[in-house]
Each structure stands twice: as C-alpha cells, then as structure tokens.
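Student: 3D model of this:
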Amino acid sequence: MSGITHLSAVELSAAIQSREISCRSVMAAYLERIAAINPKINAIVSLRDAGALMEEAAAADRELEAGRTRGFLHGFPFAVKDLSEAKGVPCTFGSPIYADFVPDFDDIHVGRIRAAGAIIIGKTNAPEMGLGSHTYNPVFGTTRNPYDLTRSAGGSSGGAAAALAARLLPVADGSDMMGSLRNPAGFNNVVGFRPSFGRVPSLGTEIFMSQLAVNGPMGRTVADVAALLAIQAGHDPRDPQSLLAEDLSVGEAIDTSGLRVGWLGDFDGYLPFEPGVLDLAAASLDTFSAMGARVEAVRSRFDMDRLWQGWRVLRHFFVSGGQAKDYADPVRRAQMKPEMIWEIENGQRLASNDIYAASVIRSDWYRFLLGLFETYDVLILPSAQVFPFAADLAWPREIAGRTMDTYHRWMEVVIGPTMAGLPVAAMPAGFGAAGLPAGIQIIGRPQADRAVLQVAAAYEARTDWLSREPAIG
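Tutor: This next block holds a predicted model:
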C-alpha cells in the first residue's frame, strides 16, 4: 500500500488506466497515509467521510471495468486548496467569517479537475484569506513543514505543498499572487508552477481586473505538474481574459546546449537573504552550466524599490476591493486578521492617480523584462529570501539584520514575475546546513509556459533533490 502513495502522478495514472491498481486500492492507501501523517503536519482539512470516498472509488473502478475513463485523474484522491470552491465541500478561506460556507458550485479549474476523474477528498490548508506566505489560520490552525515539524510550510499553498512532500496527495492545485505556488514549493522540496496570466481561467469576482493572482499546479515531478496544468488550462468564456488551449506537455527532453540563462540573484544587493539561501540558489547555476547553458549575471538596471511601491499600491487596491463588503460589517471586521485590515485601509486611501501611476510602473517593468529576454531565454531567482522559519512566527521580522517593514516584505523576491504576468517554474535548489529546503524560480518569456516546463524538466533530470523525501513516516 505504501508503494502506491510514492508513485508519481504519471505512474499512478498509467497503473489505474491499465487496471494494474484499482481505484479502491489507491483511495485506501492514501486515506491510510493521511490518517497516519496528517495529524503531524495539518496539511489536509475538511476531509470527507472515508466510507463515501471508498464508494466513489468503487464507482470509478466500475467505470474502468465497463471500458470508460474520465481522464488522467481517474480515481485520484484530490484535495482542493481552501481558497477555491469545490461543490459540496466547505470552503472557509481560512477565515472564521466563512467557516460555514459550503459552495454549490466548482470554480472553473476545480470543475475541470473533477471532470478529469479526480475524487475530491477535502481541502488543503491555506492562510486566512490567502494573505501571507505562512499557512496558519484560526479555523484549522498551522500547517507544519514535513522536513522539520517546528518550521513553516510556507503559503499560501502551504497545505498543498506539505501534503505533496509527505505523500498525502499525488498532485495538487494551488494559487499564486505573491509567490504562493513558488515559496511553498521551495520550502517543501516539490515543484510549483505559476502559469502565465490567463492560462488557467477562474470565476474571480473581478474578472476584468484580476491580473495578479493565478491558479496553477503543484506536484512531485515536472511531468506531473505539466499533466495537471493541461487539465486546468484553456479558454473559458466565463473568464474573458483566459487564453486558448495549447500543447503544454513536456514531451521529449530538449537540447539545452546554448540555452541563455540570466541570473538576477539579489538584484545587486537590493534584496537581503538569510545566510545560505542565496548560495544554494547560485549553486543551481552549475547545473545549468552542466546542461550546456551559458549563464551570466544580470546587472539590475531597474529601480526595484519603485517596483515594490507599485506592487504595494496594486495589492492594496485588489485586496481592499475584494474584501470591502466584509470590512464594512463591524462584526465581520472584528474577525479579520490585522494584515487584512491593513491592506483594506491602505486601499481605501488610494486615489485614481495612485492606481494609474502603479500601472505605469508595472508597464515599465514589463518592458524592461522584454529587453532582458532579447538576451536571455530564462531568468533565475531564488524562490524565497529565507529558509522555512519557525512555525509559531507569524512572519519574519528581519532578514540578515534588515528590518521587514510589512508582513510580506520578506517575500519581495517573487513580485517581479507576478507584476509581468510571466510563467515561472519553482524548482528545488537543495538543502541548507540545517537540512531545510530552498528553491529557485525559472522565469520565462510571456506565455512561454511549455518552454519553461521543458527547461525545468531538463534541470530536474540533472538533480536528485526531488527524490529526497522527508523522514516523517
């Protein structure tokens, strides 16, 4: 049974489709492991009744016996991130305000996952309303890192990443505004992929304005991530900015000789890093060199503090708009975390000229990156500025002696790709002296999702980080 939970998603799908392994065996193996491991890490929440799940697995087996398959995820146990709606399963957003909310609909990408054969077993834990890159909330508590239970699993897809690392799920969905698919991938030694803006459609309330947050896949291999992305992606008329479907498969190994890699590092000393993090990320460049790539350090010629100020304005704007109704209710406002109130109140003080100026900054940054892509095929950054920190700490207050002036300043390294809407693969970079994981971001040209996945797969083939499981059970 334990062997089932250690199969990659691609291997598991093939075994199910060939009927080498039954869907009932898969569900039983994962439920057994969840019962043993999840109490230690608190990654999966709102877990459904085991009897009902086994009945659904039996129905999936009967479909296969009749010669019918619903797709790649047929019979897969799947837990949806608790920031996305899955019909009939509680969606709390990690907030007491929504602790009793049970949606009667699926978000678009969740509906596609279900249609591809997945059995929704529950949710993965997330920070309250997705704010902050550390997964804790007053509804379900803290998710802990499988590599060190005293440490954070990151966020906001921390529950998803921890569940993957601990082999509680074969593959997982996540979302990313400020590194939420990238930071937890690095913290948990798994793969996260932030797709190009518009790649994965969503039912967001502000569908014409939402341009920072995206949904995307996480997994234990690049091939697994690509397979899930292919299910999530593709145009849907309910999301007017969604992209048309295209081939997102990794395919055969690509020739990386002559690949041009630009190393952004710490932006010429602008960003502080916990000792060891930047060194691990920089060491990954040796892997790219071994792949035949030409690696160069990129001089920062953009005012990165200007980018940060533009980011803050746009984040205040989107967060405050989305939560304005709850904030207006004193009872609900009293249940909000301080960081949410800070975002909303700063957003309510913005003027139209502030939004316009932030958009100009964003546009200038996008054009700057387009210039870099005339020279480089991919850009590399660390996926976080710190190693997984103490789980009882809300957020790091300082890095390398530099005070963090906001609850999210310690994650500034991830805002560049978000502001430009670029595809990013978050890949492992190894382990620090204390045995804690770290990662890198592989950043590609606009809408070059498949090319980024192919480079990530080539990098994966040259490393063994993903095979190093946590010693948790």
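Student: CA only for contacts and neighbour counts going forward, please
Tutor: Noted.
Student: What's the first helix or strand after the lowest-mean-pLDDT helix or strand in the chain?
Tutor: Least confident element among the helices and strands of the chain, by mean pLDDT, DSSP states H and E: helix 2-5 (a mean of 88). Remark: after helix 2-5, the chain's next helix or strand is helix 9-17, criterion DSSP states H and E.
Student: outside of that following helix, which residues touch it?
Tutor: Residues lying outside helix 9-17 but in contact with it, judged by C-alpha atoms under 8 Å, 6 or more residues apart in numbering, are 4, 21-23, 64, 69, 72-76, 170-171, 219, 223-224, 227.
Student: thinking again about what came up before, chain center to the least confident helix or strand of the chain: distance?
Tutor: 24 Å (C-alpha atoms, centre = their mean, to the nearest Å).
Student: what does stretch 419-431 give?
Tutor: Relative to its parent chain, stretch 419-431 has a centroid offset of 10 Å by C-alpha atoms, centre = their mean.
Student: Do me a favour and average the pLDDT over that stretch.
Tutor: pLDDT averaged over stretch 419-431 equals 98, rounded to a whole number.
Student: Pick out the residue nearest the middle of the chain.
Tutor: The central residue of the chain, meaning the one whose C-alpha is nearest the mean C-alpha position (C-alpha atoms, centre = their mean), is Leu181 at 1.6 Å.
Student: And that one, what's its pLDDT?
Tutor: pLDDT, read off for Leu181, is 98.
Student: repeat for Trp365
Tutor: The pLDDT attached to Trp365 in the predicted structure is 98.
Student: Quick one: list the elements packing against the host helix or strand of it.
Tutor: According to DSSP H and E, Trp365 maps onto helix 352-372. Secondary structure elements in contact with helix 352-372, counted by 3 or more C-alpha pairs under 8 Å, 6 or more residues apart in numbering; DSSP states H and E, are helix 304-328, helix 415-420.
Student: How about it, which residues are buried there?
Tutor: The neighbour-count check on helix 352-372 (16 or more other C-alpha atoms under 10 Å) flags 355, 358-359, 361-362, 365-366, 369, 372 as buried.
Student: what about it, distance to the chain center?
Tutor: The mean C-alpha position of helix 352-372 is separated from the chain mean by 24 Å, C-alpha atoms, centre = their mean.
Student: pull the CA atoms of that helix into CSV?
Tutor: Included here for helix 352-372 are C-alpha records, laid out as CSV according to Å, rounded to 0.1, in the frame of the first residue of the first chain:
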residue,chain,number,x,y,z
SER,A,352,-7.2,57.0,-9.1
ASN,A,353,-3.9,58.7,-9.8
ASP,A,354,-2.2,56.2,-7.5
ILE,A,355,-3.6,53.3,-9.4
TYR,A,356,-2.6,54.8,-12.7
ALA,A,357,0.9,55.5,-11.5
ALA,A,358,1.3,51.9,-10.3
SER,A,359,0.2,50.7,-13.7
VAL,A,360,2.8,52.8,-15.3
ILE,A,361,5.5,51.3,-13.1
ARG,A,362,4.2,47.8,-13.9
SER,A,363,4.3,48.6,-17.6
ASP,A,364,7.8,49.9,-17.4
TRP,A,365,8.9,46.8,-15.6
TYR,A,366,7.3,44.6,-18.3
ARG,A,367,9.1,46.4,-21.0
PHE,A,368,12.4,46.1,-19.0
LEU,A,369,12.0,42.3,-18.8
LEU,A,370,11.2,42.1,-22.5
GLY,A,371,14.5,43.8,-23.1
LEU,A,372,16.2,41.1,-21.0
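Student: ok, residues contacting it?
Tutor: Contacts made with helix 352-372 from outside it, assessed by C-alpha under 8 Å, 6+ apart, are listed as 302, 306-307, 309-311, 313-314, 317, 419-420, 445.
Student: go again using 7 Å as the cut-off
Tutor: By C-alpha atoms under 7 Å, 6 or more residues apart in numbering, the surrounding residues in contact with helix 352-372 are 307, 310, 313-314, 419-420.
Student: List the strands paired with the very next helix or strand once past that helix, with their directions.
Tutor: Next along the chain after helix 352-372, taking DSSP H and E as the criterion, comes strand 378-382. Strand 378-382 sits in its sheet next to strand 260-263 (parallel), strand 437-443 (antiparallel), going by DSSP bridges.
Student: Serialize the ones you listed to CSV and add fields for mean pLDDT and distance to Gly251.
Tutor: Conversion of these to CSV gives the following (pLDDT from 0 to 100; distance: least, C-alpha to C-alpha, whole Å):
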stretch, mean pLDDT, distance to Gly251
strand 260-263, 98, 21
strand 437-443, 98, 18
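Student: winner for burial among these?
Tutor: For those, the largest average neighbour count (mean count of other C-alpha atoms under 10 Å) is found in strand 437-443, namely a mean of 28.
Student: buried set for the helix or strand following it?
Tutor: Scanning the chain past strand 437-443 towards its C-terminal end, the next helix or strand to appear is helix 449-461 (assignment: DSSP H and E). Neighbour counts over helix 449-461 (16+ other C-alpha under 10 Å) mark 449-460 as buried.
Student: Give me the spatial nearest neighbour of the residue nearest to the centre of the chain, chain neighbours excluded.
Tutor: On the basis of C-alpha to C-alpha, 6 or more residues apart in numbering, the spatially nearest residue to Leu181 that is not a chain neighbour turns out to be Gly192, at 5.2 Å.
Student: what's the helix or strand for the one you found?
Tutor: Secondary structure assignment for Gly192, by DSSP H and E: strand 191-194.
Student: Using CSV, list the CA coordinates for that strand.
Tutor: What follows is strand 191-194, C-alpha atoms only, in CSV (Å, rounded to 0.1, in the frame of the first residue of the first chain):
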residue,chain,number,x,y,z
VAL,A,191,7.5,21.6,-7.9
GLY,A,192,5.2,24.6,-8.2
PHE,A,193,4.2,26.3,-11.4
ARG,A,194,2.9,29.8,-11.7
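Student: mean confidence score for that strand?
Tutor: On average, the pLDDT along strand 191-194 is 98.
Student: quick one: strands adjacent to that strand?
Tutor: Strand 191-194 has these partner strands in its sheet, going by DSSP bridges: strand 214-219 (antiparallel), strand 424-431 (antiparallel).
Student: can you redo these as TSV with mean neighbour count and distance to Val414?
Tutor: Compiled in TSV, the strands paired with strand 191-194 are given as follows (neighbours: other C-alpha atoms under 10 Å; distance: least, C-alpha to C-alpha, whole Å):
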stretch	mean neighbour count	distance to Val414
strand 214-219	28	14
strand 424-431	28	10
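Student: Could you check the ones you listed and tell me which one is nearest Gly122?
Tutor: Taking C-alpha to C-alpha, strand 214-219 is the member of the strands paired with strand 191-194 nearest to Gly122, at 16.5 Å.
Student: what angle do that closest one and helix 9-17 make?
Tutor: Going by axes from the mean of the first three to the mean of the last three C-alpha atoms, to 10 degrees, strand 214-219 is angled at 70 degrees with respect to helix 9-17.
Student: before we move on, which element is Pro272 in?
Tutor: According to DSSP H and E, Pro272 maps onto no helix or strand at all.
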